[in-house]
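# no sequence for this one, just the structure:
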């Protein structure tokens, strides 16, 4: 088994998710090589061949050009598997590679059982075993599913790569998240509101519980997208990653993107009317109740302590 | 200007899912169906663009059994001009490559200036179909957009990246865009528009006319994830639950100590 790992570089830095790909290859006991559009000054700690294209020349995001760079390496390496992170970079580039190679792509892989990739379905309520019918396969891996044990080490053997491929889109730079707002990464207690709060007025009961527990309130994506809460309150892949002592998820079903942002919490309480909600998978305590009744009752009792 | 928006019907994710008799997909009966959430943003963006430019023609496309036509009527009521229903009772068995091939076969030669799709479906969640359609048609695509502007053939979009960062991307039409939540605020169809939508064209094409490829993957087995052991599930009266939780928080965390 031979894998080609597609590492990521953004805003001048190598992304840590690149090391999850290494962990994945190790878990499969597979031979690996790495591909990166990055810079000589920020090489990954890696024992193997690194095919390196210059991000200064080819851009950090440039799908048609990165595709050609990668296809050239694939032609040389002939990997059985090309492995990406299931990230904004990976899910954008992987289908382009899959089509060019006439290969199956299996997205958001969370596990490999008896050689068969496992992917979530229906907001993680279900799992599916996905069998590729092609000999070469393309995978994108869910963040955190294949964590690296121990610090990465090694010095790669760098093979510079180039292409003459033309760009189809123009990358004009990054826009950072707005400054200000609340830094949830430092909060010891976070009470988060999900879609289950129903209407914006109900955010007040979440805030009240957070205050009673001397913590901050957070929110899941739908609550932020509805503009019921500020983006700086969003917990999840595209919001903040948090690790409080106590995380109380109110009316949050537990989409993977949310779980990825809060699973490092020390103790997790979920309040949900649905006993089977995926949040139950990470919760230490699941309270099956209507949050609109339960949260005010809990707040009142905590205030009376 | 010709615009295409591709949408999918999915079960309400709050549903109690059951497995089908083959054990390779969820059971399609007894589910409440709705428009894939990401696709609502795609429809809204397409409608907004049609309003912005003069003389646009907006086609909405969906693949699936007859029931998907109900959802397509919502898209028509939101402002799409015509619907193309690719009739397929077995669409759930098709992989992203097959679905994209069907859409590309329909779109080929029709010279759509812009194609909008959701970034992924809520059920299968592969996130591949939009990009594959664009690659098959040989046009640029930008995925996961949270902001979109169009001016004289120039597209400016923002892609959402991890950690709240966005990337500013430009390209020219024809192009395909996959839409992320928060891109806009999808409108609710008004009653007059719902009435008008009933008169709009909704053409059905048998899938066999467009489906010419074989799948590259299959769902061998679908199942419920194993419950993680150790998590406590509490049910009962609200006041009792609050007392129980306070006791647990005192015992297990330093928060109420």
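The structure has been received and is ready for your questions. Because the structure is a prediction, the values reported are computed rather than measured. Numbering: from 1, shown residues only, chains lettered A, B, ... in the order given.
# List the buried residues in stretch B:11-26.
B:11, B:13, B:15, B:17, B:24-26 (16 or more other Cβ atoms under 10 Å in any protein chain shown). For glycine as for every other residue, the C-beta is placed from the backbone atoms N, C-alpha and C.
# How about the lowest-mean-pLDDT helix or strand in chain A and chain B, touching?
One helix or strand of chain A scores below all others by mean pLDDT, DSSP states H and E: helix A:256-262, with a mean of 89. No: judged by Cβ under 8 Å from any Cβ of the partner chain, helix A:256-262 and chain B are separated, with a smallest distance of 8.7 Å.
# can you pull the buried residues of the following helix or strand past that helix?
Going down the chain from helix A:256-262, the next helix or strand is strand A:267-272, by DSSP states H and E. Using 16+ other Cβ under 10 Å as the burial criterion, the residues of strand A:267-272 that qualify are A:267-272.
# Can you show me the helices along chain A?
For chain A, the helices defined by DSSP state H cover A:17-27, A:55-58, A:63-77, A:90-101, A:203-212, A:221-225, A:256-262, A:291-303.
# on that earlier part again, now the least confident helix or strand of chain A: how far from the chain's centre is it?
Distance of helix A:256-262 from its chain centroid, counting by Cα atoms, centre = their mean, to the nearest Å, is 8 Å.
# So which other helices or strands are in contact with that helix?
Helices and strands touching helix A:256-262, by 3 or more Cβ pairs under 8 Å, 6 or more residues apart in numbering or on different chains; DSSP states H and E: there are none.
# Among the buried residues of stretch B:11-26, pick out the one closest to chain A, please.
residue B:13 (4.8 Å; Cβ to the nearest Cβ).
# Report the contact partners of whatever residue of chain B ends up closest to chain A.
Going by Cβ to the nearest Cβ, chain A is nearest to residue B:164 of chain B, at 3.2 Å. Neighbouring residues of residue B:164 by Cβ atoms under 8 Å, 6 or more residues apart in numbering or on different chains: A:176-177, A:231, A:234, A:238-240.
# What of residue B:143?
A:88, A:91-92, B:119, B:127, B:130-131, B:159, B:177-178.
# 6 Å - rerun?
Each residue near residue B:143 by Cβ atoms under 6 Å, 6 or more residues apart in numbering or on different chains is listed here: A:92, B:178.
# what's the answer for residue A:211, then?
Residue A:211 makes contact with no residue under the criterion Cβ under 6 Å, 6+ apart.
# and the gap between it and chain B?
Separation of residue A:211 from chain B (Cβ to the nearest Cβ, to the nearest Å) stands at 13 Å.
# And for residue A:253?
According to Cβ to the nearest Cβ, residue A:253 and chain B sit 7 Å apart.
# which residues touch that residue?
With contact set as Cβ under 6 Å, 6+ apart, residue A:253 has these partners: residue A:277.
# Same list, the buried residues of stretch B:11-26, but as CSV with distance to chain A and secondary structure please.
Formatted as CSV, the buried residues of stretch B:11-26 follow (distance: Cβ to the nearest Cβ, whole Å; DSSP: H, G, I helix; E, B strand; the rest coil):
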residue, distance to chain A, secondary structure
B:11, 7, strand
B:13, 5, coil
B:15, 8, coil
B:17, 6, coil
B:24, 8, coil
B:25, 8, coil
B:26, 6, strand
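# Report the two of those separated the most.
B:13 and B:24 (19.6 Å; Cβ to Cβ).
# Now do residue 245: how many residues are near it, please.
This is for chain A. A count of nearby residues for residue A:245, using other Cβ atoms under 10 Å in any protein chain shown, gives 15.
# if you could check chain B rather than the one you did, that'd help
For residue B:245, the neighbour count with other Cβ under 10 Å is 24.
# Quick one: classify it as helix, strand or coil.
helix (DSSP: H, G, I helix; E, B strand; the rest coil).
# Tell me the spacing between it and residue A:258.
The spacing between residue B:245 and residue A:258, counted by Cβ to Cβ, to the nearest Å, is 21 Å.
# what do you get for residue A:92?
In terms of Cβ to Cβ, residue A:92 sits 22 Å off from residue A:258.
# for residue B:13, same thing?
When distance is defined by Cβ to Cβ, residue B:13 is 13 Å away from residue A:258.
# picking up where we left off before, residue A:92 and residue A:258: which is more packed in?
Ranked by neighbour count (other Cβ under 10 Å), residue A:92 and residue A:258 place residue A:258 first, with 29 against 24.
# Excluding sequence neighbours, find me the nearest residue to the one residue in the stretch 101-250 of chain A that gets nearest to chain B.
At 3.2 Å from chain B, residue A:177 is the closest residue in the stretch 101-250 of chain A, using Cβ to the nearest Cβ. Distances taken as Cβ to Cβ, 6 or more residues apart in numbering or on different chains put residue B:164 closest to residue A:177, at 3.2 Å, once the chain neighbours are dropped.
# Now do the phi/psi pair for the one you found.
phi 80, psi 10 (degrees, to the nearest 10).
# Please apply the same query to the one 3 residues further on.
The phi and psi values for residue B:167, taken as degrees, to the nearest 10, are phi -110, psi 130.
# just the helices in the stretch 51-200 of chain B please.
With DSSP state H, counting those that start in this stretch as the criterion, the stretch 51-200 of chain B has helices at B:68-78, B:96-107, B:129-137, B:191-197.
# Sketch out the low-pLDDT regions of chain A for me.
Along chain A, the model assigns pLDDT under 70 to residues A:179.
# Give me the most central residue, it.
Relative to the mean C-alpha position of chain A, the nearest C-alpha, by Cα atoms, centre = their mean, is the one of residue A:143, at 4.0 Å.
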